[in-house]
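Student: Here's my sequence, what's the structure:
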Amino acid sequence: MYDVVIIGAGASGTFCALSLKYKNPNLKVLLLEKNDKLGKKLLITGNGRCNLGNTDNKIINYNSSSSLDRFKTFLENNDYDFLNILLNDDDLENYHYYLNKFGVLIKKEDTSTRLYPYSNQALTVCKSFERALEKENIKTKYNYDVKKVIKNQDTFIINDDLVCKKLIIATGGKTYSKTGSTGTGYEILKSFGHTITPIYPSLTCLKTNYKYIKELQGVRIDAVVNLSVDGKIIDVEEGQLQFTKDALSGICVFNLSRNVGGYLRQKKDVKLIINYIPNYSVEEIKGYLKGFYGYNVENALSCIINNKLANVMTKELHLSNKKIKELTNAELESICFTLKNMYFNINGTGDFENAQVTCGGAVLDEFTNNLESKECKGLYAIGEVLDVDGKCGGYNLSWAFNSALMTLNGILKDN
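Tutor: Sure, this is the predicted structure:
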């Protein structure tokens, strides 16, 4: 019999196994993974660089249908910080400390708050975890697919052949199914009485039916991006906007994408409104364009914005054959307005295969502050399987690691 079995050898599951063993070397821990190696999804995070976290610890960077504030209050009342969880008054250990113990060196990216491994490679994080598992003698079963979990009195029985006292669900969500995230954890938790919210792809592209979108494919431009729902701007992000053959992408769009699928299902009118020149006023732009008196409109605009975008904009405004000196004041106003308010109707989102994270999951209010199930004693859930998701920038890996740490006190107090 094992003291603890963890289903899922991704970021949260592997980190949890190592942290438990570090705190109690006598603990008998088993890590189960359906793939032939650990961390398949971890390998592709941060475009292969593995964005391990973020020093910006505000709870506003997270979303949930449950009350994240309840957890935040619990931690703060114990002089804890939501994203740098201290295990007790004398043990000032956070997840950065643990990662270092497991062989992962962290650095902060210049001019940002994002944290990366020194190698800038996700592969080295996985290798460090593999070495640490071996060093701590943590047994790992690969190519093991969990089909059934039941509880018999005080023990859990997995696939009729594994028995443990405590069980941790760390299976992730439903994004990138090829990495093993197929929603197994939701089914296990539902079988023990847990509520699973509707789940949607999040941190993903937003599709558009804009007639010139294919002509903009490959364009990257810094912009302020507004999310409009039924004519009201409800969120704003700033960053690099990217165009694909049928969608708008980039971190700023990803961060706006979380609830768009739900809005579209409710038949709401969803638009992205783009300000390509946020640092200049309309009057300043007018003055600049008038300096190109003898130039045609497209050439003048291509001195401000990407030439593909300049071409599309002049076609959209029916000004392709005009020079700046020929413009009426209304036409000049129209150009300036479009530069700061170009809109794209949104008619879809990327699916689970190209989304970075799952929105929704097991309802947080059905778990204790140590992430132990209120429905089934000894059952825990961590990471993306829970109804918590963060913005782009390392927040979701921060949650993976810190949710693992949150379980330690609950598990270790009985061992």
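
Student: residue contacts, Asp304?
Tutor: Not Asp; residue 304 is Ile. Listed by C-beta atoms under 8 Å, 6 or more residues apart in numbering, the contact set of Ile304 reads Tyr276, Ile277, Ile285, Tyr288, Ala310, Leu339. Yep, even glycine has a C-beta here, placed from its N, CA and C like the rest.

Student: cutoff 10 Å now
Tutor: Tyr276, Ile277, Tyr280, Ile285, Tyr288, Leu289, Phe292, Ala310, Ile335, Leu339 (C-beta atoms under 10 Å, 6 or more residues apart in numbering).

Student: same check, this time on Asp351
Tutor: If you count contacts by C-beta under 10 Å, 6+ apart, Asp351 has them with Lys174, Thr175, Tyr200, Pro201, Thr204, Cys205, Gly261.

Student: rerun that using 7 Å as the cut-off
Tutor: Counting by C-beta atoms under 7 Å, 6 or more residues apart in numbering, Asp351 touches Pro201.

Student: One more: Lys340?
Tutor: Asn275, Ile277, Val282.

Student: What ranges does this structure have for its helices?
Tutor: 11-23, 68-77, 95-101, 122-135, 184-191, 251-256, 260-265, 282-290, 297-301, 307-316, 329-341, 395-412 (DSSP state H).

Student: Among these, pick out the one with the most neighbours on average.
Tutor: helix 11-23 (a mean of 26; mean count of other C-beta atoms under 10 Å).

Student: Report the residue ranges of every domain in this structure.
Tutor: 2-200+356-412, 206-349 (automatic domain parsing).

Student: taking the ones you listed together, which one is wrapped up most tightly?
Tutor: Counting by mean count of other C-beta under 10 Å, the most buried of those turns out to be domain 2-200+356-412, with a mean of 19.

Student: That one: end-to-end distance?
Tutor: 14 Å (C-alpha to C-alpha, to the nearest Å).

Student: now do stretch 3-22
Tutor: Here the two ends of stretch 3-22 are set 14 Å apart, with distance taken as C-alpha to C-alpha.

Student: gap between it and the chain center?
Tutor: 21 Å (C-alpha atoms, centre = their mean, to the nearest Å).

Student: cool, stretch 207-217 as well?
Tutor: 25 Å.

Student: same question, stretch 281-293
Tutor: On C-alpha atoms, centre = their mean, the centre of stretch 281-293 falls 40 Å from the chain's centre.

Student: Same list (the contacts of Ile304) but as TSV, adding distance to Ile138.
Tutor: TSV is the format used below for the contacts of Ile304 (distance: C-beta to C-beta, whole Å):
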residue	distance to Ile138
Tyr276	52
Ile277	54
Tyr280	57
Ile285	60
Tyr288	62
Leu289	65
Phe292	66
Ala310	57
Ile335	63
Leu339	57
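
Student: Among those residues, which has the minimum pLDDT value?
Tutor: Minimum pLDDT for the contacts of Ile304 is recorded at Phe292 (90).

Student: Got the phi and psi for that residue?
Tutor: Phi and psi for Phe292, reported as degrees, to the nearest 10, are phi -100, psi 40.

Student: Check the gap between it and Ile285 for me.
Tutor: Here the criterion is C-beta to C-beta, to the nearest Å. By it, Phe292 lies 12 Å from Ile285.

Student: Same check on Thr140?
Tutor: The separation that Thr140 has from Ile285, given C-beta to C-beta, amounts to 59 Å.

Student: before we move on, what about Ile277?
Tutor: Distance of Ile277 to Ile285, computed by C-beta to C-beta: 6 Å.

Student: So for the nearest residue to Lys21 once chain neighbours are set aside, what's the pLDDT?
Tutor: Leaving aside its sequence neighbours, Lys21 sits nearest to Glu136 (C-beta to C-beta, 6 or more residues apart in numbering; 4.4 Å). pLDDT recorded at Glu136 is 92.

Student: Go ahead and confirm Glu136 touches Leu18.
Tutor: Yes - here Glu136 lies in contact with Leu18, judged by C-beta atoms under 7 Å, at a distance of 6.4 Å.
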